[in-house]
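Undergrad: sharing a model that was predicted from the sequence below.
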Amino acid sequence: MQLTRTNSFFLLLGIMAIIFYGLFGLKAEPHLPLLSSLIVLALFARVKGMKWDELEEGILDGLRQSLKPIIILALIGMLIATWMVSGTIPTVLYYGIQWIDPTFVLMSSLFITTLTSILTGSSFTAVSTVGVAMMGIALAFDIHPALAAGAIICGAMFGDKMSPLSDTTNFASGIASVDIITHIRHMIGTTIPSYALTCILFFLFEKNVSSAGTIKELESIVTALEQQFHIHLLTLLPPMLLIILAIRRTPTVISLFAGIFAGIIVAFLTQANVSLAGMMTILQHGPTFETGNALVDKIVNRGGLQSMMWAISLIMIAFSLSGVMNKIGLIEALLSNLAKKVRSRGHLVSATAASSIGVNLLTGEQYLSILLPGQSFRTLYENMNVERKTLARTLEDAGTLINPLVPWGVCGAFFASTLGVDVIEYIPYTFFLYLSPLFSILFAYLPMKNITKQGTSTNTAA
């Protein structure tokens, strides 16, 4: 099946219209708008002569690609549940409420998740561990959840972009055939100003946030945690184990299994009234504590396999749609048409960024947003004498970082489920995520001389 430029344009327009009308017009959750788009796309393909077996193959291809993120999401749901019942996250909350200055909760959330994500190379690990704890502390200090989520996600995505342990960092450098250290150094150019502005903005927000949590209310939270959990440094062993495994480059699934197992052992060693049958229920549905404090109950009754089913079902639909798009050649047609119009270095980087953002919006898949534009534009970078490390940086800035801003994206769905804040609500506060691609595009238009192309001659690449 060969798509024309007109067909690909109107299909894209139709799909985005369905999704955005469903989300913003009907205020629906993203599942049904995406499913409706899948049906429309399948009907179009059938009218154009594509057989159902081919469409089914595209859907199955998409679902196969979704298996790894689905397994990771399921394991993280169980990880959060075990770390709640083991007292791991309550211990962090307990000490955090007492040690963290109420006037610097947002900055603390940003820096702590940044450090965790750099050490682990995973935004998922950072958000599901210290991110959940910092969200609880923010709620205790009566800080708006969307604002707190924005700080947590900005910090978590810093490591996902800059850590040499990150899958996406290695993937982007591999697609562009750039050494990983060269890639990370080149990203500093857009990362430092973006992160600095993010810090300034959160600092300004921090000064305007009034913590309504009185000393008495905070004391009641601490008391409820003391009464419900055995607060002990031993409960911090599971996250320490997870960080060690991440540094040792242990596969994510194995690390998560180890974190869950460690949480279960610590729960039996340190907490009262823990049984094997009860642990099975907690792994499935999450804990159901009744501490006598409504806010504490809201914070600690989270996690479990079922808590991730909203995100898992969304990812299954999004990847099915992505599989059909790939099968009919929609994304390739759009990228090839865009590549033909590129005439300058600035336009090249802008087109790459726009393509990565577009693939994120269409498929919700972080890796495809790096892979497809990287493959489509790599030859153009070589022909126009623009450094490949600029391609790698642009793919990270507009591919890796934009995914959490897409409600049906893998990161967006996971962060929303884990932090309990809708993507649409936290988008305005994820400054780092949209400042980075803006700086990437801005720098591409600035005249810069005497920059040596990788391996050969001099050019004017950013």
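TA: Received the coordinates, thanks.
Undergrad: contacts and neighbour counts: CA atoms only from here.
TA: Fine.
Undergrad: what helices or strands is the helix or strand that contains A133 leaning on?
TA: Using DSSP states H and E, A133 sits in helix 132-140. Here helix 132-140 touches helix 88-99, helix 105-120, helix 145-162, helix 294-300, helix 410-419, going by 3 or more CA pairs under 8 Å, 6 or more residues apart in numbering; DSSP states H and E.
Undergrad: out of these, flag the one nearest S350.
TA: helix 145-162 (19.1 Å; CA to CA).
Undergrad: what is the closest one packed up against?
TA: helix 105-120, helix 123-126, helix 132-140, helix 167-175, helix 180-208, helix 423-426, helix 431-445.
Undergrad: can you redo those as JSON lines with mean neighbour count?
TA: Output for those, formatted as JSON lines (neighbours: other CA atoms under 10 Å):
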{"stretch": "helix 105-120", "mean neighbour count": "24"}
{"stretch": "helix 123-126", "mean neighbour count": "26"}
{"stretch": "helix 132-140", "mean neighbour count": "25"}
{"stretch": "helix 167-175", "mean neighbour count": "21"}
{"stretch": "helix 180-208", "mean neighbour count": "17"}
{"stretch": "helix 423-426", "mean neighbour count": "18"}
{"stretch": "helix 431-445", "mean neighbour count": "22"}
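Undergrad: quickly list the domain ranges of the protein.
TA: 5-65+319-459, 66-309 (automatic domain parsing).
Undergrad: now render those as TSV, adding mean pLDDT.
TA: Below are the domains of the chain laid out as TSV (pLDDT from 0 to 100):
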stretch	mean pLDDT
domain 5-65+319-459	85
domain 66-309	87
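Undergrad: buried stuff in stretch 280-291?
TA: Residues of stretch 280-291 classed as buried by neighbour count (16 or more other CA atoms under 10 Å): 282-287, 289, 291.
Undergrad: among the residues you listed, which are in strands?
TA: With strands defined by DSSP state E, no entry of the buried residues of stretch 280-291 lies inside them.
Undergrad: of all pairs in the residues you listed, which one spans the longest distance?
TA: Of all pairs in the buried residues of stretch 280-291, the most separated under CA to CA is Q284 and T291 at 20.9 Å.
Undergrad: for Q306, give me its contacts.
TA: 77, 284-286 (CA atoms under 8 Å, 6 or more residues apart in numbering).
Undergrad: neighbours of the nearest residue to T182 once chain neighbours are set aside, how many?
TA: In this structure, T182 finds its nearest non-sequential neighbour in K389, 7.4 Å apart by CA to CA, 6 or more residues apart in numbering. As a burial measure, K389 scores 27 neighbours (other CA atoms under 10 Å).
Undergrad: flag every buried residue along stretch 330-345.
TA: So stretch 330-345, judged by 16+ other CA under 10 Å, has buried residues 330-335, 338-339, 342, 345.
Undergrad: run through who's touching it.
TA: 3-5, 8-9, 325-326, 348, 351, 355, 359, 372-373, 376-377, 380, 384, 386, 444-445, 461.
Undergrad: now it, how far from the centre of its chain.
TA: 27 Å (CA atoms, centre = their mean, to the nearest Å).
Undergrad: of the buried residues of stretch 330-345, closest to T120?
TA: Using CA to CA, the buried residues of stretch 330-345 come closest to T120 at I331, 32.4 Å.
Undergrad: tell me the secondary structure at the closest one.
TA: helix (DSSP: H, G, I helix; E, B strand; the rest coil).
Undergrad: report the separation between it and I143.
TA: 41 Å (CA to CA, to the nearest Å).
Undergrad: which ones among the contacts of stretch 330-345 lie within helices?
TA: Within the contacts of stretch 330-345, residues falling in helices by DSSP state H are 5, 8-9, 325-326, 348, 351, 355, 359, 372-373, 376-377, 380, 444-445.
Undergrad: most neighbours among those residues, please name it.
TA: P373 (29 neighbours).
Undergrad: my guess is that one meets G358, correct?
TA: No - at 9.7 Å, P373 does not count as touching G358 under the criterion of CA atoms under 8 Å.
Undergrad: before we move on, back to that, in TSV, list the helices and strands packed on helix 145-162 along with distance to A311.
TA: Below are these laid out as TSV (distance: least, CA to CA, whole Å):
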stretch	distance to A311
helix 105-120	21
helix 123-126	13
helix 132-140	17
helix 167-175	20
helix 180-208	28
helix 423-426	12
helix 431-445	21
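Undergrad: tell me the contacts of the residue sitting nearest the centre point of the chain?
TA: Most central in the chain under CA atoms, centre = their mean is C411, positioned 3.0 Å from the mean C-alpha point. Taking CA under 8 Å, 6+ apart as the criterion, C411 is in contact with 124, 366, 403-404.
Undergrad: please apply the same query to I200.
TA: No contacts exist for I200 under CA under 8 Å, 6+ apart.
Undergrad: follow-up on the earlier one: can you tell which of the helices and strands packed on helix 145-162 is closest to I19?
TA: helix 423-426 (13.5 Å).
Undergrad: other SSEs contacting that closest one?
TA: helix 145-162, helix 410-419.
Undergrad: tell me the most buried of those?
TA: helix 145-162 (a mean of 27; mean count of other CA atoms under 10 Å).
Undergrad: so how far is it off the chain centroid?
TA: Using CA atoms, centre = their mean, the offset of helix 145-162 from its chain centre is 9 Å.
Undergrad: and it with helix 410-419, angle?
TA: In terms of direction (axes from the mean of the first three to the mean of the last three CA atoms, to 10 degrees), helix 145-162 departs from helix 410-419 by 140 degrees.
Undergrad: export helix 145-162 as PDB, just CAs?
TA: Extracted in PDB, the C-alpha atoms of helix 145-162 (Å, rounded to 0.1, in the frame of the first residue of the first chain):
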ATOM      1  CA  PRO A 145       0.200  18.100  43.200                       C
ATOM      2  CA  ALA A 146       0.800  19.300  39.600                       C
ATOM      3  CA  LEU A 147       3.600  21.600  40.700                       C
ATOM      4  CA  ALA A 148       5.200  18.900  42.700                       C
ATOM      5  CA  ALA A 149       4.800  16.400  39.900                       C
ATOM      6  CA  GLY A 150       6.500  18.900  37.500                       C
ATOM      7  CA  ALA A 151       9.600  19.200  39.700                       C
ATOM      8  CA  ILE A 152       9.800  15.400  40.200                       C
ATOM      9  CA  ILE A 153       9.500  14.700  36.500                       C
ATOM     10  CA  CYS A 154      12.000  17.300  35.400                       C
ATOM     11  CA  GLY A 155      14.500  15.800  37.800                       C
ATOM     12  CA  ALA A 156      13.800  12.300  36.700                       C
ATOM     13  CA  MET A 157      14.100  13.100  33.000                       C
ATOM     14  CA  PHE A 158      17.400  14.800  33.600                       C
ATOM     15  CA  GLY A 159      19.100  11.500  34.200                       C
ATOM     16  CA  ASP A 160      17.100   9.700  31.500                       C
ATOM     17  CA  LYS A 161      18.700  12.200  29.100                       C
ATOM     18  CA  MET A 162      22.200  12.700  30.600                       C
END
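Undergrad: neighbours around the residue nearest to L391 when sequence neighbours are not counted, how many?
TA: Leaving aside its sequence neighbours, L391 sits nearest to A176 (CA to CA, 6+ apart; 6.5 Å). If you count neighbours by other CA under 10 Å, A176 ends up with 24.
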